[in-house]
Structures are given as C-alpha cells and as structure tokens.
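Novice: Starting from these lines, generate the structure:
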Amino acid sequence: MPLSVYTLGLAVFALGTSEFMLSGLLPPIAADMDVSIPRAGLLISAFAVGMVVGAPVLAMATLRLPRRATLIALISVFGLGQVAGAVAPSYGWLFTSRVVSALACAGFWALGAAVAVAMVPVTQRARAMAVMIGGLSIANVLGVPAGAFLGEHFGWRSAFWTVGAASAVALAGILALIPRIPRPAELPVLRRELRIYADRQVWLAVVTTALAGGGVFCFFSYLAPLLTEVAGLSSGWVPTVLALFGTGALIGTAIGGRIADGRLFGVLLSGTVASTVLLVAAALTASAPAAVVTLAVLLGVSAFYTAPALNARMFDVAGAAPTLAAATVTASFNLGNAGGPWVGGLVIDAGFGFAATAWAGAAITALAVAGVLLAIRTHRPRPSAVVAGDGGAPGRPLEATAPGPAAPRPLGTAG
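Specialist: Predicted structure coming up:
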C-alpha cells in the first residue's frame, strides 16, 4: 500500500474526530448554549448535511483542479472552521461553523478517496478504503474519547481547539508527503461522470449505505446521555465507552477491509444483520451498564466491518466515474449520519426516552438488510472498463481496470 494512502488516512483522523466528537460533548454544549440535548444533537446533523451537499458539489467543482493543491486548500478551510467553532459566541455561530467545516471535510473525503482508490489495483480497493476508514476508526478510539475527556475537564471548546491543531499537523503531512499529482492525459468529463446517476444500482447503493449508517448513528449520537441517565453511569465513563466503541470500530475495519474484496455481499449482509440484532439487544438492556457497554463495542465492530464493503460496492457500480463515486459514497454515509441523529431527536422529543433510539436505529438497519438482499437479487456482473485516474506514479496518469464484482454466491462464500 503506498505511503501516500496512509498519509490520507492520518488526515482523515482529524476530520473524523471533529465529525464524531460531539457524541461525547452534547450535554456540556447544550448547557453552555442554553438549548436542549436534541437541539444540540442537530449540530451532528448539520455537519452530516454539509457533508451530503459538499461531497458531490465540491467533487464536481474541483474535478479538473490540481489534486494536491485542492487537498491543501480543503484541509486549511476545515482547520479554520474548527477555530471558528472554538470561539463561537452563540448556537447559530457554532451551527454555521459546523456546516462550513463539513463542506471542507466532504470535499477532502471525496477527493482523498478517489486518489487513494486510483493509486492501488482494483483488487485492493477495499483495503485502500479500509486505510482511510481506519483514520475514522482511530478517531473513534483516540480522538472522540479525548474530546469527551477535554470537554469534561477543560470545557467543550478545548476539544475544538485540539482538532484545529490536529488539522494543522495533517496539513503539514500533506505538504511533506503527498507528491504533486500529474494531470491525466484525458481530463475527467463531468457529463460522462454524471451518467452513473442513471443506474438504479447506484441509487440502491446510496440508500443501503445511508440506512446502514443512519441506524447506528441514531443510537450512537445519544450514547452519552443514555449512559448517564438510563444506564446510571457517571459522566466520567463516557470517554471510556466511546474509546471502547472506537476500538470495536478499528477491529471491524481491519476485518472488513481484509475480506470485503473477496466476499463483498457476504460482508454487507452479515454486517447489517449484526447491527440490527445488536441495536435490538441495546434497546432491551439499556438500563444494564455492563450490557450497554459490551453492546457498544460490538456495534462499533459491526458498523465499521461493513463500511469498507459499502465503499467498494459504490466504486463497483459507479463504473468509470471514480471521482463522483467517492463523492456519492461520502454523501450516502452522511445522509445516514444526518438522518439518524434527527430521527433519534424526534424519538426523544416525543417522550420515548434515550433507550428508544436503539429501537429506531434497529428499524433503520433492518431496512438496510432489505437493501442488501435486493442488491444481491438484482446484481449482474459488469463488463470490464478502463478508467483514468490522476493518482498513479509521478509523471504518468494511472489506468486501472474496473470490473464489477463477481456474481453473488451462496452466503458465506465470496461475494
């Protein structure tokens, strides 16, 4: 795996910490900004909506711009967004800073994912995406719990300042380690890439990805108040449980990334089913601290075990449009990240309590299971295609064959 792919994964660590750290900061933010916890939870949805809009828009806007310079600009804007959040005098200011940061994050994710996939053979796409998703997993292991710890002891604003500093480190890494990427002989054509949206399989992949992520984050976004108000744990336990969730996510990413290239549909089906079962179990045992902590770890495993396969599936069905494929899968995950917390907030506001977010999440992931089954049923092998990337060896464009996955086999065999 090229070192540059790992460099992108390190940058994603800063992005992922900012995206997910509010799960451990909602109570202090709500108290400081004098808003309810569900309204503070909308800050998570705001970031996700910014990602949904920003990923395809910025991917199209930067389609013909130099890749390295664009990555540098996007990580710089993201870092400034963290600073703006740290000094936010009001909820509206903080909300706006989250949207701006999300737009930059979305652009970086979409471009970075396209570059990472272009730099490896087709048979290593899921592994390349696993490296980038690994940045998110490590963010959950280290960054998110650290943000909760800082919020507990030094105020929630300190977490934003720390992510701003991490963004500066990521910028330095990109400047030092990402080489200038030569423009391909044939520049991407927007009209050609937009053709992927005429494919029903692309839209099925979008819906399935959004549902798989949305169900998990319907529950995870309100994990901190559930731990303290339902399970009866002290607030000091929140960073530890978030770290355990992140550890599970790291394990899931490592396992899923290794086997998804050969067993794509098997990973998708087993992962979404597992998440559904775990969410039901969490709803039934929400008042038992040991059970909730254990299930949080296992949910981290199942959610991130599925993520590399969801990414790889999008690149498979998107054909010869790798840039918009990356943008589309980023937007798809964040449709779930936006919708999940929103649904969870509705459930809480309706008076059903924090534990009910697990029931709602299970209903959403059950729909994801149905989406996977439909994809298996309607899947057809695609002819090989040659796509031009711009992340190959210095001095020449990359050409990578991009066949679709093999026809699905019985569950448990290669997907």
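Novice: Enumerate every residue touching the residue nearest the centre of the chain.
Specialist: Central residue of the chain (CA atoms, centre = their mean): Phe333, 5.7 Å from the mean position. Neighbour list for Phe333: 51, 209-210, 213, 307, 310 [criterion: CB atoms under 8 Å, 6 or more residues apart in numbering]. In this view, the C-beta of every residue, glycine as well, is placed from N, C-alpha and C.
Novice: cool, and Val83?
Specialist: Counting by CB under 8 Å, 6+ apart, Val83 makes contact with 160-161, 164.
Novice: what's the helix or strand for it?
Specialist: helix 67-86 (DSSP states H and E).
Novice: which parts of that helix are buried?
Specialist: Within helix 67-86, the residues that count as buried by 16 or more other CB atoms under 10 Å are 67-68, 70-86.
Novice: so after that helix, what's the next helix or strand?
Specialist: helix 91-118.
Novice: host element of Gly151?
Specialist: helix 144-154.
Novice: mind saving the C-alpha coords of that helix as PDB?
Specialist: Below are the C-alpha coordinates for helix 144-154, written out as PDB (Å, rounded to 0.1, in the frame of the first residue of the first chain):
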ATOM      1  CA  VAL A 144     -13.600  11.200  20.200                       C
ATOM      2  CA  PRO A 145     -12.800   9.900  23.800                       C
ATOM      3  CA  ALA A 146     -10.100  12.600  24.100                       C
ATOM      4  CA  GLY A 147     -12.700  15.200  23.000                       C
ATOM      5  CA  ALA A 148     -15.100  13.900  25.700                       C
ATOM      6  CA  PHE A 149     -12.300  14.000  28.300                       C
ATOM      7  CA  LEU A 150     -11.300  17.500  27.300                       C
ATOM      8  CA  GLY A 151     -14.900  18.600  27.400                       C
ATOM      9  CA  GLU A 152     -15.300  17.100  30.900                       C
ATOM     10  CA  HIS A 153     -12.200  18.700  32.400                       C
ATOM     11  CA  PHE A 154     -11.400  21.800  30.300                       C
END
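Novice: who are the neighbours in contact with Ala338?
Specialist: Counting by CB under 8 Å, 6+ apart, Ala338 has contacts 44-45, 48-49, 51-52.
Novice: For those residues, which two are the farthest from each other?
Specialist: Ile44 and Val52 (12.8 Å; CB to CB).
Novice: neighbour count winner among the two?
Specialist: Ile44 (28 against 24; other CB atoms under 10 Å).
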